[in-house]
Structures are given as structure tokens and as C-alpha cells.
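Student: Any chance you can model this:
(one chain, ligands or ions: 1)
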Amino acid sequence: MLVRGAQGDLLRLIAGGHAESRAELARLSGLAASSVSLRVEELIGSGLLVEEGSASSRGGRRPRRLRVSPTAGLLAVADLGGRHARLGLLDLSGTPLVVEELPCDIALGPEATLNWIAASFDALLAAHGPAGVPLRGIAAGLPGPVDPASGRVVSPSRMPGWNNFPVAEHLGAHFDLPVLVENDANLLAVGEARAWPGCETVMVLKAGSGIGCGVIVNGVLHRGRGAAGDISHVRVRTDSSVTCSCGHLDCLEAYASGAALMSVLAEQGIAVERPSDIVAMVDDGIPEATALVMNAGRLIGEVLTVLVNFINPDAIVVGGSLSKAEPLISAIRAAVYERCLPLATRDLEIAVTRSGPDAALLGAGTLLLDAVLS
Ligand SMILES: [Zn+2]
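Tutor: Next up is the predicted model:
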């Protein structure tokens with residue numbers, strides 16, 4: 001990803017082992033040496049960076065080294081799905097100290113869910129937080145559209161009671177710290193983009209119970225007004241046969257999401273509990289499941305063709321529980337490569353995520369660090 005030169009970027013360059021001096025920071029960030037020095041002094045002043053090796057050692061002077069302070073702080077991050085949540089503590093370099101996956105039902109409403117998250121963070125800190133290291137901020141990823149200015153969820157599907165609830169305010173009241181609330185696909189996009197060096201513009205699709213997409217443009221998350229990348233309610237058919245969870249007819253989500261595939265299978269008398277069960281059925285060669293997944297991939301791919309021609313990404317990365325079904329990826333590839341302009345697809349990579357199950361938590365850490373430092 002492109003380096004923008006914010007304090008968080010400088011801190012991450014040091015934390016990631018890419019730089020350990022002001023000169024290296026200036027070279028990698030493109031900032032003037034004077035700007036780098038100013039920001040480094042601020043980071044040292046606030047206890048986030050320390051400078052080591054400034055004294056001369058035996059036989060000669062050792063160059064000074066910038067390091068992230070081991071006691072600089074912790075970030076508490078959560079990624080909520082419809083039925084489960086991943087929660088973790090990260091250090092300020094974005095490295096997880098601990099990650100847990102727990103059952104969690106967002107249909108219980110915002111207050112019960114957020115109070116549970118707060119209590120879970122408190123328990124993680126008590127069990128795994130190093131003594132004397134302060135918590136610096138809180139981040140929560142939610143499977144719905146988030147207004148970045150207010151930290152509220154706006155008109156989400158399948159999240160009863162959450163519309164316009166002040167999520168950031170509620171968590172902030174418990175912790176009295178900076179709180180970042182973000183759409184889950186955006187967090188996945190930021191976390192995953194770190195694993196695609198050289199790719200400046202990346203679309204990261206999350207294919208699970210729902211369908212989401214986060215967009216990185218020139219190395220930066222493109223939020224737009226908050227709903228950028230939300231492809232789930234694009235109309236993909238005109239025969240008005242299926243009503244979507246949003247109330248409209250024939251949305252992509254109504255045909256191609258894990259929830260949609262599960263309800264079709266249920267109509268055929270095949271019971272599945274979660275999207276990963278569909279992946280298992282595909283792996284077992286059950287033709288009904290394979291056909292459904294291929295059709296879902298084709299529909300997703302057809303929506304992506306418009307976006308690929310429009311934005312010309314370097315990579316389309318597919319995550320979420322359905323991404324483990326190979327026919328989904330093949331069908332997306334087939335639709336995009338067949339229908340897009342050759343110049344747009346010549347070097348376009350379409351692949352599954354590289355960052356593993358913690359990608360959204362890593363993305364939350366990246367964005368939260370910027371929020372904490374700003
Ligand atoms: Zn819809």
C-alpha cells in the first residue's frame with residue numbers, strides 16, 4: 001500500500017521492520033526530512049516510539065535506532081458476523097497478542113451485543129493484557145453500512161434494532177477512548193491489502209452470509225459517503241422473482257449470498273446451518289450445492305465486470321466463508337475475464353485472500369491506530 005505519511009504510517013514502517021531511522025522513514029514515506037523529524041519527535045514525546053542505541057558502544061558509535069515502545073499501548077478490536085465474533089488485542093505495531101472466536105448473535109440488538117463486546121474486551125485485557133500497558137482505542141467491524149462520521153449503522157439488513165444506533169458512542173461511554181466503527185468488508189479490505197504489495201487498487205469481496213466489498217484506491221480505503229463498495233443490492237435479474245432482505249426485488253444478495261444459497265437448499269430439503277456447510281457439500285461433490293455456488297459466482301462476476309471496467313483494479317481478492325468453494329472463484333474469473341476490456345484484465349489477479357482469518361482484525365488495527373494518533 002502507498003505510504004501517506006501520517007504518524008500512523010511512520011509508526012507502522014518502524015513496527016513492520018521497514019525502517020529504523022529518520023532517513024529511512026523519509027525515503028519510504030516521501031516526506032521531507034524536517035517533517036519526518038517533527039513527527040518522530042511527537043511520537044517519542046507521546047511515548048509511542050523510543051530511540052535506542054544512542055550511546056556509543058565498545059569500539060565505536062552505534063547508529064540510533066527507532067523502535068515502537070513495548071509499553072506504548074494496546075488496541076482492542078472486534079469483527080462481528082451474524083452469528084459469531086472474532087475479538088483480539090493487538091499491540092501498536094498491529095501484531096495480535098490474542099484472538100478469540102466466540103458465538104455472538106447480533107439479532108439480540110445493539111445494546112446486548114455491544115455490552116457483551118465490552119465485557120469480552122475487559123476479560124481479554126484481564127487475562128492477556130501486559131501489566132502497565134494502556135489500552136489506546138477500540139474498533140468494531142459490523143456487517144452493515146456504517147456512517148463513518150457518526151459511527152452509526154444505517155439501514156442494515158438482518159440487524160434488527162441496529163438502525164441509527166450510536167455504536168461508537170455506546171462503546172466510548174464504556175471505555176472513554178477513541179472508538180472506530182467500520183463496515184466489516186472495509187476492515188477486511190484494509191487488512192488484506194497489506195498482503196498485496198505492488199497492488200495499489202484492490203477490490204476485496206466478502207462472500208459469507210451476505211455479500212460485501214471494500215475498495216482500496218491508490219493505497220487508501222475508499223469510504224465514499226460510507227456505503228462505497230456495497231454491491232449487495234445491485235439488481236441482477238429483471239423477472240422480480242425473489243425479494244431481497246432490503247425489500248427490493250432481485251438484488252445480488254438475494255441470489256448469490258450464503259443466506260440465499262442456504263434458503264434454496266432448504267427448499268430442496270437439504271438442511272444447512274452456515275455457509276461453510278455449503279463449501280463442505282461442494283467439496284463432497286454434491287451437485288445441487290456445486291451448481292448453486294457456480295451460479296452465485298457467475299452473478300457476482302457479472303456485477304464485478306462493470307466495476308472492473310470502471311475502476312481498473314490491480315487485484316480482486318475474495319474472502320468470507322464461501323470463498324473456500326473453488327467453483328465460486330472459477331465462475332467469478334470466467335465472467336470477469338470474458339466480459340471485461342482486455343486492457344483491464346491483462347494483469348488483473350483474481351484470487352482468494354492471503355491474510356487468513358484475522359485479516360479484518362489487522363485492518364481494524366491499522367485504521368484504529370490512525371484514529372488514535374489523529
Ligand atoms: Zn437488496
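Student: CA only for contacts and neighbour counts going forward, please
Tutor: OK.
Student: can you tell me which helix in this structure is longest?
Tutor: The residue-count maximum for a helix in the chain (DSSP state H) belongs to helix 287-311.
Student: just checking, next helix/strand downstream of that helix?
Tutor: The helix or strand immediately downstream of helix 287-311 is strand 315-319, counting by DSSP states H and E.
Student: Mind listing residues that contact whichever helix or strand comes after that following strand?
Tutor: Reading on from strand 315-319 to the C-terminus, the next helix or strand found by DSSP H and E is helix 326-339. Applying CA atoms under 8 Å, 6 or more residues apart in numbering, the contact partners of helix 326-339 are 290, 293-302, 304-305, 308, 318, 322-323, 345, 350-352.
Student: Filter the residues you listed down to the buried ones.
Tutor: Among the contacts of helix 326-339, those that count as buried by neighbour count (16 or more other CA atoms under 10 Å) are 290, 293-302, 304-305, 308, 318, 322-323, 345, 350-352.
Student: Check those one by one and keep those near the ion.
Tutor: When CA under 5 Å from the ion is applied, no member of the buried ones among the contacts of helix 326-339 is adjacent to the ion.
Student: Gly198: how many residues sit nearby?
Tutor: Using other CA atoms under 10 Å, Gly198 has 12 neighbouring residues.
Student: on that earlier part again, for the longest helix of the chain, which helices and strands make contact with it?
Tutor: Counting contacts by 3 or more CA pairs under 8 Å, 6 or more residues apart in numbering; DSSP states H and E, helix 287-311 packs against helix 252-256, helix 258-267, helix 275-283, helix 326-339.
Student: Now do the same contact list for the nearest residue to Thr290 once chain neighbours are set aside.
Tutor: Nearest non-adjacent residue to Thr290, counting by CA to CA, 6 or more residues apart in numbering: Val282, 5.1 Å away. If you count contacts by CA under 8 Å, 6+ apart, Val282 has them with Ala289, Thr290, Ala325.
Student: before we move on, what about Arg235?
Tutor: By CA under 8 Å, 6+ apart, Arg235 lies in contact with Leu249, Asp250, Cys251, Leu252.
Student: For the stretch 101-250 of the chain, what lies in contact range of the ion?
Tutor: Near the ion, when you scan the stretch 101-250 of the chain using CA under 5 Å from the ion, you find His233, Cys244, Cys246.
Student: Kindly recompute the last result at 8 Å.
Tutor: Within the stretch 101-250 of the chain, the positions adjacent to the ion are Ser232, His233, Val234, Arg235, Thr243, Cys244, Ser245, Cys246, Gly247, His248, Leu249, Asp250 by CA under 8 Å from the ion.
Student: Narrow those residues to just the buried residues.
Tutor: Neighbour-count burial (16+ other CA under 10 Å) applied to those gives Ser232, His233, Val234, Arg235, Cys244, Ser245, Leu249, Asp250.
Student: one step back: now do the longest helix of the chain against helix 258-267, angle only.
Tutor: Angle of helix 287-311 versus helix 258-267, following axes from the mean of the first three to the mean of the last three CA atoms, to 10 degrees, is 160 degrees.
Student: Run the chain-centre distance for helix 287-311.
Tutor: Mean-position distance between helix 287-311 and its chain equals 21 Å (CA atoms, centre = their mean, to the nearest Å).
Student: Same check on stretch 192-205?
Tutor: With CA atoms, centre = their mean, you get 11 Å for stretch 192-205.
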